[in-house]
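Trainee: pasting a predicted model and its sequence here:
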Amino acid sequence: MSRGATLGFRGLGKQFAGGTRVDVGDLDIEAGSFTVLLGRSGCGKSTLLNIAAGLQQPTRGQLLFDGQALVGDTPDSALIFQQNNLFPWMSAVENIAIALLNRGLTRANATQRAEQLLADVGLAEFALHRPAALSGGMCQRIALARALALEPRLLLLDEPFSALDAQTRRLMQEQLLRAWNTSGATVLMVTHDLQEALLLADRIVLMASAPHGHVAQVIEIDIPRPRQARSDELLDLQDRLDAFLTHETRLAEHFS
Amino acid sequence: MNDSVLSLSSPVEIRRAPRYLDAVRDTVWFLLAWALLIGAWELAVQVGWLDGRVLPPPSVTLPYAFSGNAVVGFGQQRSGLLEALSVTVFRVSGGLLAGSLVALVLAVITTEVKLLRRLILPLVQTLAPISPVAWVPFTIAVIGIGGQAAIFVVFLAVLGTMTLSLIAALDSVDPQYLNIARNLRCTRRQIWLRVRLPAIAPSAMTSLRMAFFGAWMAVLAGEMAGINSGLGYMIIMAQQMYNMPLVMVGVMTIGVVGFVVDRLLLLLGRRFTGWSS
């Protein structure tokens, strides 16, 4: 079982050609921690995640992976987006097998292992289905299974449950927590859902979009898991964060 | 467990007509539309609204088409309907295949190497709108009047538009798929074979059907404009000899074969890109 990786943002920022700017500054992500990036759309949380994945390059500062400056794609990382994680032209089992093939398994072994992983998430009978024939929740479960098959030390999630209905989302959150516990991976997750952030995170990195994207606050959440969404502690925090985000939105959207 | 829960768990049965009935219905309408047109044509000639010598009615044209007398020219120049058709179909297939393959290579190169995109794209953009017929005199001068010339005209007709549409399709591949492929440690070759090419397959198949229409028109225009064999040539010769039934047979053959090939390409596309529907 691989231990989680540490991430260190050092004076990091990105300037886009259009004039938009995101300032991360200094931020440390501990090994094996569960960090949620929370903020309204346009605050740069996805940019931060993409930089962590190595998909985008910062224009200032640097990113340390296990203390080493990172160049190119982030090693041992797995990504899950809101949707379209699976290639629609491949069946469920092929979608997982392609990741395993690239880790050096033979075709037969990759297929067998992929079928096993599908069975683990309860979707064995859908192995030959294409994503279009599966529900959004099933696709995300397959994407999660594939991500875990990579045995990542860093799991990067960009609003992975935003397109799901409330019940599926709650079940997926539980599944994610279990996966995080057993894998020991460091999790960095983007969401704009307050309650989701509070239910899952060790630490919430609150981001703001005005006058440009930046990290506004870092909030430690010490509440033991499993957490109750209706507990007073959580509701208090939720009110505080909601007030912040509402103020944020008022500024950014020019409400008077 | 009460009744309401039970009723939740038994889904409403939706009755839907099976797929093949749709196909049967479409075919019936297709045949009906043609039967009406042929009937009206025959009637118009019989009543005297149309001149049967200029526009021979179906009762003359259809038997003629299958009589074996649908022939033009004499001696070495003699050419039957089937022979002319097979010559033309061979030219279209050759030109379409060559044009599509070169277009695919160009599209891949321009996607991979930005410098070559800047050099190749302006040329393709200016050459694509040139009508294939405009190339015929040039082609005859350079290559001659044989089959190769016809294939070359089809090749030119296909190349420009096919290259542009393949480049556009590659540009519009969802970048998220490429990000995921990178994250899954796909090699450059794998990204092409397992991600980019499958992703553009549906629109490439549509482009191929469009290209076939262009090619089918180009080859006939070429054959009419000086390449001395094939279906287009047969029609022009028939017109010059005032063999109007043969002209009609030629025109209808163009329509029927074009339609059949388009349907075959459509089926082929569905076979390979079933995931997108």
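Mentor: Arrived safely, thanks for sending.
Trainee: B:Ala149: what's it in contact with?
Mentor: B:Thr139, B:Ile140, B:Ile143, B:Gly222, B:Ile227 (CB atoms under 8 Å, 6 or more residues apart in numbering or on different chains). All C-beta spots, glycine's among them, are computed from the backbone N, C-alpha and C.
Trainee: wait, a strand at the last one?
Mentor: Pointing back at B:Ile227 there. No. Counting by DSSP: H, G, I helix; E, B strand; the rest coil, B:Ile227 is not found in a strand; it is coil.
Trainee: number of residues surrounding it?
Mentor: B:Ile227: 28 surrounding residues under other CB atoms under 10 Å in any protein chain shown.
Trainee: do the one 10 residues further on as well
Mentor: Close neighbours of B:Met237, defined as other CB under 10 Å, add up to 20.
Trainee: does it touch B:Ala70 like I think?
Mentor: No. Taking contacts as CB atoms under 8 Å, B:Met237 lies outside contact range of B:Ala70: 11.9 Å.
Trainee: where in chain A is pLDDT low?
Mentor: A:1-2 (pLDDT under 70).
Trainee: just say helix, strand or coil for the residue sitting nearest the centre point of it.
Mentor: Nearest residue to the geometric centre of chain A (CA atoms, centre = their mean): A:Leu157, 1.6 Å. When classified by three-state DSSP, A:Leu157 comes out as strand.
Trainee: over to B:Arg185?
Mentor: With three-state DSSP as the criterion, B:Arg185 reads coil.
Trainee: quick check: it touching A:Leu100?
Mentor: No. Counting by CB under 8 Å, B:Arg185 does not reach A:Leu100; the two are 10.4 Å apart.
Trainee: when these two are compared, which one has more neighbours?
Mentor: Neighbours were counted for B:Arg185 and for A:Leu100 using other CB under 10 Å; A:Leu100 has more, 22 against 15.
Trainee: what's the helix or strand harbouring B:Ala215 packed up against?
Mentor: Per DSSP states H and E: B:Ala215 is located in helix B:197-224. Contacts defined by 3 or more CB pairs under 8 Å, 6 or more residues apart in numbering or on different chains; DSSP states H and E place helix B:197-224 against helix B:81-112, helix B:136-142, helix B:147-171, helix B:231-240, helix B:244-272.
Trainee: pull out the buried positions in the shortest one.
Mentor: For helix B:136-142, burial by neighbour count (16 or more other CB atoms under 10 Å in any protein chain shown) applies to B:Val136, B:Thr139, B:Ile140.
Trainee: quick check: closest non-adjacent residue to A:Ser135.
Mentor: Excluding the flanking residues, the one nearest A:Ser135 by CB to CB, 6 or more residues apart in numbering or on different chains is A:Thr168, at 7.9 Å.
Trainee: same question, A:Ala229
Mentor: The nearest residue in space to A:Ala229 (CB to CB, 6+ apart) is A:Gln195, at 5.8 Å.
Trainee: ok, that neighbour touching A:Leu237?
Mentor: No. With contact defined as CB under 8 Å, A:Gln195 does not count as touching A:Leu237 (10.1 Å).
Trainee: what parts of the stretch 51-200 of chain A come near chain B?
Mentor: With CB under 8 Å from any CB of the partner chain as the criterion, the stretch 51-200 of chain A meets chain B at residues A:53, A:55, A:73, A:77-79, A:81, A:84-85, A:87-90, A:98-99, A:102-103, A:130, A:132, A:146, A:150.
Trainee: so which of these belong to helices?
Mentor: Among those, the members found in helices (DSSP state H) are A:Ala53, A:Ile98, A:Ala99, A:Arg146.
Trainee: for those, work out which two are farthest apart.
Mentor: Within those, A:Ala53 and A:Ile98 form the most distant pair, 18.2 Å apart (CB to CB).
Trainee: helix or strand for the residue nearest to A:Ala229, which one?
Mentor: Counting by DSSP H and E, A:Gln195 is part of helix A:194-200.
Trainee: after that helix, heading C-terminal, what element do we hit next?
Mentor: Heading C-terminal from helix A:194-200 (DSSP H and E), you reach strand A:203-208.
Trainee: remind me what that next one packs against, helices and strands.
Mentor: By 3+ CB pairs under 8 Å, 6+ apart, strand A:203-208 packs against strand A:34-38, strand A:213-220, helix A:232-252.
Trainee: would you put the C-alpha positions of that strand in CSV?
Mentor: Extracted in CSV, the C-alpha atoms of strand A:203-208 (Å, rounded to 0.1, in the frame of the first residue of the first chain):
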residue,chain,number,x,y,z
ARG,A,203,-9.0,20.9,5.5
ILE,A,204,-10.9,23.3,3.3
VAL,A,205,-9.0,25.7,1.1
LEU,A,206,-11.4,28.5,0.6
MET,A,207,-10.9,30.4,-2.7
ALA,A,208,-12.2,33.8,-3.8
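Trainee: tell me how far the closest residue to B:Gly80 other than its chain neighbours lies from A:Ser162.
Mentor: Leaving aside its chain neighbours, B:Gly80 sits nearest to B:Val71 (4.8 Å; criterion: CB to CB, 6+ apart). Separation of B:Val71 from A:Ser162 (CB to CB, to the nearest Å): 70 Å.
Trainee: list the buried residues for the host helix or strand of B:Leu123?
Mentor: B:Leu123 belongs to helix B:114-127 when assigned by DSSP H and E. For helix B:114-127, the neighbour count (16+ other CB under 10 Å) marks B:Arg117, B:Ile120, B:Val124 as buried.
Trainee: could you check the angle helix B:81-112 makes with that helix?
Mentor: 140 degrees (axes from the mean of the first three to the mean of the last three CA atoms, to 10 degrees).
Trainee: what angle do helix B:114-127 and helix B:147-171 make?
Mentor: Going by the same axes, to 10 degrees, helix B:114-127 makes 120 degrees with helix B:147-171.
Trainee: tabulate the contacts of B:Ala149 in JSON lines, adding columns for pLDDT.
Mentor: Output for the contacts of B:Ala149, formatted as JSON lines (pLDDT from 0 to 100):
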{"residue": "B:Thr139", "pLDDT": "89"}
{"residue": "B:Ile140", "pLDDT": "88"}
{"residue": "B:Ile143", "pLDDT": "89"}
{"residue": "B:Gly222", "pLDDT": "86"}
{"residue": "B:Ile227", "pLDDT": "81"}
